[in-house]
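Student: Fold the following and give me the result.
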Amino acid sequence: DVDIGRELRTGAATENGKEVVLGTVFMLIGENSRAVSQAVDKKMAEINRTLPAGVKAVTVYDRTVLVDTAIATVKKNLLEGATLVIAILFLFLGNIRAAVITAMVIPLAMLFTFTGMVSYKISANLMSLGALDFGIIIDGAVVIVENCVRRLAH
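Tutor: Residues are numbered from 1 along each chain as shown. Prediction:
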């Protein structure tokens, strides 16, 4: 007999030994993962309000916490890195005015970086902010300022 059948079953999702329905949210390339995570949370709350009694949609893996933690870590590392570089500048340059001028490169570099990221719509993630290396940024400023201090001393 030939009749209309159904699709062959290829797997099952289970939780605590009971079969459940599993859904996956895919993020488009180039999207802001934090905004997508927050939008999914809002949609899940909306979905739960419309489900029948006894049925509940639960998020299994929520990236919102991961994204927020990563952003906090990057902020902390940037602040600690900038503070450490500035402290070393004051310690080793031997000239307060030269150290202040050189240290001003860090906030200016951050300002230009964030301005560029906003204008080109680049999200603040580990790769984009991790590229902001204060040691490399300061090297050129130290060479220029030391040369200026040396010439002014003559």
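Student: quick one: contacts of stretch 120-136?
Tutor: Residues outside stretch 120-136 that contact it (Cβ atoms under 8 Å, 6 or more residues apart in numbering): 32-34, 70-71, 74, 78, 81-82, 85, 106, 109-110, 113-114, 116-117. Every residue, glycine included, has its C-beta placed from N, CA and C.
Student: ignore the last one, stretch 87-105
Tutor: By Cβ under 8 Å, 6+ apart, the list of residues contacting stretch 87-105 reads 85-86, 137-138, 141-142, 145-146, 148-149.
Student: mind listing the strands in this structure by residue range?
Tutor: With DSSP state E, the ranges of strands along the chain come out as 13-15, 18-20.
Student: Any chance of the ones you listed in a markdown table with distance to residue 60 and mean pLDDT as columns?
Tutor: Formatted as a markdown table, these follow (distance: least, Cβ to Cβ, whole Å; pLDDT from 0 to 100):
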| stretch | distance to residue 60 | mean pLDDT |
| --- | --- | --- |
| strand 13-15 | 8 | 88 |
| strand 18-20 | 9 | 89 |
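Student: Okay, now the unreliable bits of the protein?
Tutor: 125-126, 130-131, 135 (pLDDT under 70).
Student: What subset of the contacts of stretch 120-136 is buried?
Tutor: The neighbour count (16 or more other Cβ atoms under 10 Å) marks 34, 70, 74, 78, 82, 85, 106, 109-110, 113 as buried among those.
Student: Would you mind giving these as JSON lines with distance to residue 23 added?
Tutor: Putting the buried ones among the contacts of stretch 120-136 into JSON lines (distance: Cβ to Cβ, whole Å) gives the following:
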{"residue": "34", "distance to residue 23": "20"}
{"residue": "70", "distance to residue 23": "24"}
{"residue": "74", "distance to residue 23": "30"}
{"residue": "78", "distance to residue 23": "36"}
{"residue": "82", "distance to residue 23": "42"}
{"residue": "85", "distance to residue 23": "46"}
{"residue": "106", "distance to residue 23": "45"}
{"residue": "109", "distance to residue 23": "43"}
{"residue": "110", "distance to residue 23": "40"}
{"residue": "113", "distance to residue 23": "38"}
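Student: Quick check: the farthest pair among those residues?
Tutor: Farthest-apart pair in these is 34 and 85; separation 28.0 Å (Cβ to Cβ).
Student: Appreciated, that's everything.
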